[in-house]
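Undergrad: using only what follows, build the 3D model:
(chains A, B, C and D)
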Number of protein chains: 4
Amino acid sequence: MAHPGDVSALDALINSGAVDAGRIVAVIGKTEGNGGVNDFTRGYFTQSLMQMLSGHLQASPAELAARIPCILSGGTEGVLSPHYVVFCRAPAQAANGNEGKGGALAIGLAFSAPTAVEQIGRASHAHQVARAVRAAMDDAGLDDPADVHFVQIKTPCITVARAEQARACGLEPVSGDPNKAMAHARAAGALGVALALGEIDEAALTDAALLSDMALYSERASVSSGVEISCNEVIVLGNSPRWRGPYRIAHRPMRDALDIGAVAGALSDLGLAASPQLGQDALGRIAGVFVKCEPQRNGRVRASRHTMLDDTDINAQRHIRGAVGGMVAGVIGDGRIFVSGGAEHQGPDGGGLIAVIASGAQDA
Amino acid sequence: MAHPGDVSALDALINSGAVDAGRIVAVIGKTEGNGGVNDFTRGYFTQSLMQMLSGHLQASPAELAARIPCILSGGTEGVLSPHYVVFCRAPAQAANGNEGKGGALAIGLAFSAPTAVEQIGRASHAHQVARAVRAAMDDAGLDDPADVHFVQIKTPCITVARAEQARACGLEPVSGDPNKAMAHARAAGALGVALALGEIDEAALTDAALLSDMALYSERASVSSGVEISCNEVIVLGNSPRWRGPYRIAHRPMRDALDIGAVAGALSDLGLAASPQLGQDALGRIAGVFVKCEPQRNGRVRASRHTMLDDTDINAQRHIRGAVGGMVAGVIGDGRIFVSGGAEHQGPDGGGLIAVIASGAQDA
Amino acid sequence: MAHPGDVSALDALINSGAVDAGRIVAVIGKTEGNGGVNDFTRGYFTQSLMQMLSGHLQASPAELAARIPCILSGGTEGVLSPHYVVFCRAPAQAANGNEGKGGALAIGLAFSAPTAVEQIGRASHAHQVARAVRAAMDDAGLDDPADVHFVQIKTPCITVARAEQARACGLEPVSGDPNKAMAHARAAGALGVALALGEIDEAALTDAALLSDMALYSERASVSSGVEISCNEVIVLGNSPRWRGPYRIAHRPMRDALDIGAVAGALSDLGLAASPQLGQDALGRIAGVFVKCEPQRNGRVRASRHTMLDDTDINAQRHIRGAVGGMVAGVIGDGRIFVSGGAEHQGPDGGGLIAVIASGAQDA
Amino acid sequence: MAHPGDVSALDALINSGAVDAGRIVAVIGKTEGNGGVNDFTRGYFTQSLMQMLSGHLQASPAELAARIPCILSGGTEGVLSPHYVVFCRAPAQAANGNEGKGGALAIGLAFSAPTAVEQIGRASHAHQVARAVRAAMDDAGLDDPADVHFVQIKTPCITVARAEQARACGLEPVSGDPNKAMAHARAAGALGVALALGEIDEAALTDAALLSDMALYSERASVSSGVEISCNEVIVLGNSPRWRGPYRIAHRPMRDALDIGAVAGALSDLGLAASPQLGQDALGRIAGVFVKCEPQRNGRVRASRHTMLDDTDINAQRHIRGAVGGMVAGVIGDGRIFVSGGAEHQGPDGGGLIAVIASGAQDA
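TA: Next up, the predicted model:
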């Protein structure tokens, strides 16, 4: 990507026949905005992508946007590089009767109904997400939550303007502060995943628990939030014996922003050794790396004070993405890492999680 | 440090007798400013430190500032933690007749005369620095440049106001753009070190070479630049058989911002293994980690486009410090890492260097 | 505009018949990005606008983009509000035989050929712009440069990636620093206007003069620069007896960022009095306010030191747009002001210029 | 001020005899930090000032800091210029028996006891401030609240570290978000002033009202909050017939960020006419201009959408200071304006207030 509106690389792959546009089912990527409420690079990329695909398929951009989740995280701080991962699904891949050793990468999708502004970031929002996650698992043919390794969610968020509209109707949004509301929306998405995967009890999921009871979390949820959508988009990734293909996925929770062992662990699950960095062959097997992270709210990383939360000039999410992105990219040897901040309830508090997709790992 | 004016931790160590204030010869630290021209946390810390030491010693703050180099780098992006390393020198340590296996950490100092505003960032500035480096080597008793592992320099820089004053006198500063002038000042410092250590030929050191011929560099120079000083402060660190003590130092150049192998290499030179992170015992031996880094000027880190140089919102130096700091802290397991951007001519272009001081490494 | 991709307000006006899409000849607006190299809100808006207009006209978005200049300035700091001004031209308006008292607002357009990366920001670029300005004056039927009150230019600029490509071909861009190159591009645009309007001598227009001889300037040039275009787009606005319509335009140079008198002066030329702010009726007559401004390079605004140029956290152009925008919006009583930084050679050095379009001013 | 540690101008005035150091009772100023939690320029200036004054007076810096309120607002966005106003009080000035025409500028001071972290930003904090305001009015000899025109308060605030400490003791701070807590602290200060001046009823002052019932406000309160203090510092300014001297003070509420009429109004109360800017003579009479302002929380300034609250890159307070500072400086003709954001309950919601001190206005 030369800029957030540049989808020429995928266009060329489609034109060359390497990618069948009709088999594209989802896109996850990073764009070079600031990752906050006023990051419009996500909407720009989505508009450009759907317009380009519309030229290849018999569907309008709006129809495509309604059926192909395009989940973007803004912010390519430090060594992170703008990029997008395109997920394709061929009929044969989803066929039954294939029993590999541990299975292959499986993908399933779902879109929820729109979430009302006053509902965003509350427990009912999480329940809505949980239902969508189960629908996406069905779509992937993943019955066992243990086979699910990564669930990417995109939720709508609340701008000052949307909050005003809601208030004018007598409805109170969860917060009038756009960044705070965005955090609530991510929290609802994460606990929705945790509920669907059986990581938390339904009784624990209350309005009060969101952004408060940080002992509740999913080890496999990655949630972004953006102004450009009004419903929840869900992508479920796992390994399934029903699927064939060269790819497998692994994940690990990260206990804090220095948990380099989690990176090595996820790679190891796929038969990849970093010592301390992946070699060229191993790097060539990597198809996608997805990370969530979060500045520790107590102002410390292990024993040492950090300054991310007190910085008036750089948003804390931009700080943490740059730092964790630097660490993961150092181990992988490449900056095309999906690193997303705002990991509320996504992995241990103050930490996060990592998922890696690699080819050639069937026997691991 | 609770804030940039907080020197209470050192004050307590002096009061408890753990540190003899009279033996403090240098301080290197990171403060939580933005690291740019308008970062006043460096001056604030220095003022606070000298005032506190003045209460323990028979000298005014100004006298102490003139004999104890206090070299600070602003910017604790991401997981980096504000901290300072205090170097003490006891008479016995510098005594002759001590033949260790490879020697112990040696330190030497020098201050140059003030650099004129119009001279800052030019070849004559580099020559001035080179002379000061040789004086500091003499002070440390380090005769062989090969025994030098790290040279920390602080150079003055040019603000808009200083540039105006110079122009009013008919003198042209190297650049009217403060950030550009700061880069020139660091370049002059780095090539001064390279010249003193025999890493470059004197003939190669021209005005035109600064910030231009990036094949010229020192693997052991670390240069900061700040508005708060007018002369060049030099700290030379090496291993010397003439010195005794628990510490040794090692260094490695970093070829780019993903060179995690350089971190492992420097640790390995001191008998420390990160797999992938230092264990508690090994971490306890670390006394200081010093890193210089720089955003690759061609807009790429290895194969992938980075966005640090095109970002209007976050200064590129803040980006790179956060990313490389995240990687090094991940390997070390602690955020108290001195990571300084602006590595022009300090290590390979687009990369940088790392130096580590650890105890218990005499036999490594 | 609810966001940079929102063109629904114009779409509604077209659907209601209030605006004839076929008569739209140019758009000038402000979007809410950072206004720097990595501001993609401009490209996003343009893509959205051309796509929307394509639905109303028999032309592809690309064809429309090639004939309707859409000149945007990013950055709505402070009280500034994202907005766009749509210029329509009806056949009758351009008809001869109409001799009003002083004439009515006239508009003319031109697009230059693409500017090569190595040419951007040099004297030859300025000559190319001057030719385009003359073509736009012809298009408007404005023969006398004195009747021209505002020339809006959009020039291409140089990203790190473009600079690399040029260097790979052995061509040297004017600067490798994207923000510096952007300044050079604006300078070339401004002196191109000055040349076309007879405000400077052709002999004075040299490579060396750009960004250096600040005594050369145009009082009527407004230049933006963006990554999203490769040629120069020109919109000339003036008053012509050959045109009919309710609007007239006036302009004033601003000598510095505190020149509130220039605002009052331009309003006065249109028969509008601010005491100290326009009343509701007068505000209703305002159709567009266009301002260029620039932080004083000597670090002072009149007697007092400013800190815009030394700020590592906020780009100086963002600072000055916010300040001058606040002043002008205070006099006008509305935040929908086009305020663009980067006023190199556009008005007096350290100042800028203002142009105002208002209706009902024929007799003033 | 050349930088935040530069108090040489005042030092020179003291050395020349123009200022009697013993008569300095308060300082109000602007420093060039970011104005947020991590703005250390305020602490740096205060440390420098008290150290310098300590050289002139028989008191330690700590003793002086405890008796001379030094109230600073960080952030000199746009045309604003770092500066400080020094208030001196001579015995004769406070003498009785002086019946001027309307009186002269009077000043009174008070320091409260330290505010506990868990108390900061709550109603009890406001009551504590109200008591201190009444004490300061007594100190000034201002009996009638109507004679008070400006009350400057500095309150302590809550950093992440302080919040952690409180929680460790089982105490809950008003908010864990440092910027949010700072807003609460300012709100408590403002309503404390409003209570002391009779602008609100005591019954209305509840925990719930803070930052919520924006119909409650003081037209004369200006509150800053900073990490560097633990108690509340109060400076009351008014006009008193008991005082003599060349200065008088006037104030006006500002209804929104475009209320240029309030600026003209306050000047007019002092017999100063801006048309549209003060002339040189009138400017020479200005001794201090103090402004509070705030981004409108509904996302609009009058009819137009603003983007201050949705901006992830620039803090909303920095935006609004730059914009309102630009407007006021345009009317005054000088950038040495004290403009402070965070005007919660300080003037009408979304607006703020202005106070001006000028000499030669006794007869106005």
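
Undergrad: point me to the residue of the stretch 1-150 of chain A nearest chain B.
TA: residue A:78 (2.7 Å; C-beta to the nearest C-beta). No exception for glycine: its C-beta is placed from N, CA and C like everyone else's.

Undergrad: show me what contacts the residue nearest to that residue when sequence neighbours are not counted?
TA: Closest residue in space to residue A:78, ignoring its immediate chain neighbours: residue B:323 at 2.7 Å, by C-beta to C-beta, 6 or more residues apart in numbering or on different chains. Counting by C-beta atoms under 8 Å, 6 or more residues apart in numbering or on different chains, residue B:323 makes contact with A:77-80, A:322-323, A:325-326, A:329, B:78, B:257, B:293.

Undergrad: one more time with 6 Å, if that's ok
TA: For residue B:323, the contacting residues are A:78-79, A:322, A:326, B:257, by C-beta atoms under 6 Å, 6 or more residues apart in numbering or on different chains.

Undergrad: just the element for residue A:195, please.
TA: Using DSSP states H and E, residue A:195 sits within helix A:178-196.

Undergrad: can that helix be found next to chain C?
TA: No - using C-beta under 6 Å from any C-beta of the partner chain, we find that helix A:178-196 stays clear of chain C, coming within 12.6 Å at best.

Undergrad: that helix near chain D at all?
TA: Yes - counting by C-beta under 6 Å from any C-beta, chain D is contacted by helix A:178-196 at residue A:178.

Undergrad: give me the buried positions along that helix.
TA: Neighbour-count burial for helix A:178-196, counted by 16 or more other C-beta atoms under 10 Å in any protein chain shown, picks out A:178-196.

Undergrad: okay, now the sheet partners of the helix or strand that comes right after it, with direction.
TA: Remark: after helix A:178-196, the chain's next helix or strand is strand A:221-226, criterion DSSP H and E. Paired strands of strand A:221-226, with direction, are strand A:148-156 (parallel) (DSSP bridges).

Undergrad: got any ranges where chain A has weak pLDDT?
TA: Applying pLDDT under 70 to chain A flags residues A:92-101, A:361-364.

Undergrad: what does it put close to chain B?
TA: A:32, A:76-79, A:81, A:257-258, A:260, A:264, A:276-277, A:301, A:304-307, A:314, A:319, A:322-324, A:326-327, A:329-330, A:333, A:335-336.

Undergrad: output the contacts of residue B:323 as JSON lines; include the columns secondary structure.
TA: Output for the contacts of residue B:323, formatted as JSON lines (DSSP: H, G, I helix; E, B strand; the rest coil):
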{"residue": "A:78", "secondary structure": "coil"}
{"residue": "A:79", "secondary structure": "coil"}
{"residue": "A:322", "secondary structure": "helix"}
{"residue": "A:326", "secondary structure": "helix"}
{"residue": "B:257", "secondary structure": "coil"}
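
Undergrad: and the strands in chain A?
TA: Listed in chain order, the strands of chain A (DSSP state E) span A:24-31, A:70-74, A:83-88, A:104-114, A:148-156, A:221-226, A:231-240, A:247-254, A:286-292, A:300-301, A:304-305, A:338-340, A:352-359.

Undergrad: who's in contact with the helix holding residue A:195?
TA: With C-beta under 6 Å, 6+ apart as the criterion, helix A:178-196 contacts A:37, A:120-121, A:125-126, A:129-130, A:133-134, A:151, A:153, A:155, A:157-160, A:174-175, A:200, A:205, A:210-211, A:218, A:221, A:223, A:225, A:342, A:344-346, D:310.

Undergrad: one more: stretch A:143-152?
TA: With C-beta under 6 Å, 6+ apart as the test, stretch A:143-152 has contacts from A:28, A:71, A:133, A:142, A:193, A:197-198, A:220-222, A:235-239, A:249, A:251, A:355.

Undergrad: with just CA atoms, put that stretch into CSV.
TA: The C-alpha trace of stretch A:143-152 is given here as CSV (Å, rounded to 0.1, in the frame of the first residue of the first chain):
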residue,chain,number,x,y,z
ASP,A,143,-18.1,-26.6,16.7
ASP,A,144,-15.5,-26.7,19.5
PRO,A,145,-14.6,-23.3,21.0
ALA,A,146,-11.1,-24.8,21.7
ASP,A,147,-10.5,-24.9,17.9
VAL,A,148,-11.0,-21.2,17.7
HIS,A,149,-7.7,-19.2,17.9
PHE,A,150,-8.6,-15.7,16.9
VAL,A,151,-11.9,-13.7,16.6
GLN,A,152,-11.6,-10.3,15.0
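
Undergrad: so which bits of that stretch are buried?
TA: Neighbour counts using 16+ other C-beta under 10 Å place A:147-152 of stretch A:143-152 among the buried residues.

Undergrad: was I right about residue A:205 contacting residue A:122?
TA: No - taking C-beta atoms under 6 Å as the definition, residue A:205 is not a contact partner of residue A:122, at 10.3 Å.

Undergrad: gap between the residue of the stretch 101-250 of chain A found nearest chain D and chain B?
TA: At 3.6 Å from chain D, residue A:160 is the closest residue in the stretch 101-250 of chain A, using C-beta to the nearest C-beta. As defined by C-beta to the nearest C-beta, to the nearest Å, residue A:160 lies at a distance of 20 Å from chain B.

Undergrad: before we move on, back to that, just among the contacts of residue B:323, which is most surrounded?
TA: Comparing the contacts of residue B:323 by number of neighbours (other C-beta atoms under 10 Å in any protein chain shown), residue A:78 comes first, having 38 neighbours.

Undergrad: is it correct that residue A:316 is in contact with residue A:306?
TA: No - counting by C-beta under 6 Å, residue A:316 sits too far from residue A:306 to count as a contact (9.2 Å).

Undergrad: give me the more crowded residue out of the two.
TA: Applying other C-beta under 10 Å to residue A:316 and residue A:306 shows that residue A:306 carries more neighbours, namely 29 against 20.

Undergrad: that one and residue B:77: what is the separation?
TA: 10 Å (C-beta to C-beta, to the nearest Å).

Undergrad: ok, residue A:321 next?
TA: Residue A:321 is 11 Å from residue B:77, by C-beta to C-beta.

Undergrad: again with residue A:282
TA: 29 Å.

Undergrad: circling back to that earlier point, what is the neighbour count of the closest residue to the residue of the stretch 101-250 of chain A closest to chain D other than its chain neighbours?
TA: Using C-beta to C-beta, 6+ apart and skipping the chain neighbours, the partner closest in space to residue A:160 is residue D:299 (3.6 Å). Other residues lying near residue D:299 total 21 when counted by other C-beta under 10 Å.

Undergrad: kindly report the same for residue A:209.
TA: Residue A:209, neighbours per other C-beta under 10 Å, totals 18.

Undergrad: in the stretch 1-150 of chain A, what residue is nearest chain C?
TA: residue A:44 (4.0 Å).

Undergrad: for that residue, give me its contacts.
TA: Taking C-beta under 6 Å, 6+ apart, we find residue A:44 in contact with A:4-5, C:40, C:44.

Undergrad: which of these sits closest to chain D?
TA: Distance to chain D, by C-beta to the nearest C-beta, is smallest for residue C:40 among those, at 13.6 Å.

Undergrad: not counting sequence-adjacent ones, nearest residue to that closest one?
TA: residue A:4 (4.9 Å).

Undergrad: was I right about the one you found contacting residue A:46?
TA: No - taking contacts as C-beta under 6 Å, residue A:4 lies outside contact range of residue A:46: 9.5 Å.

Undergrad: around chain D, pick out the residues from chain A.
TA: Taking C-beta under 6 Å from any C-beta as the contact definition, chain A meets chain D at A:34, A:36-38, A:159-161, A:164, A:178, A:298-299, A:309-313, A:315.

Undergrad: cool, thanks, talk later.
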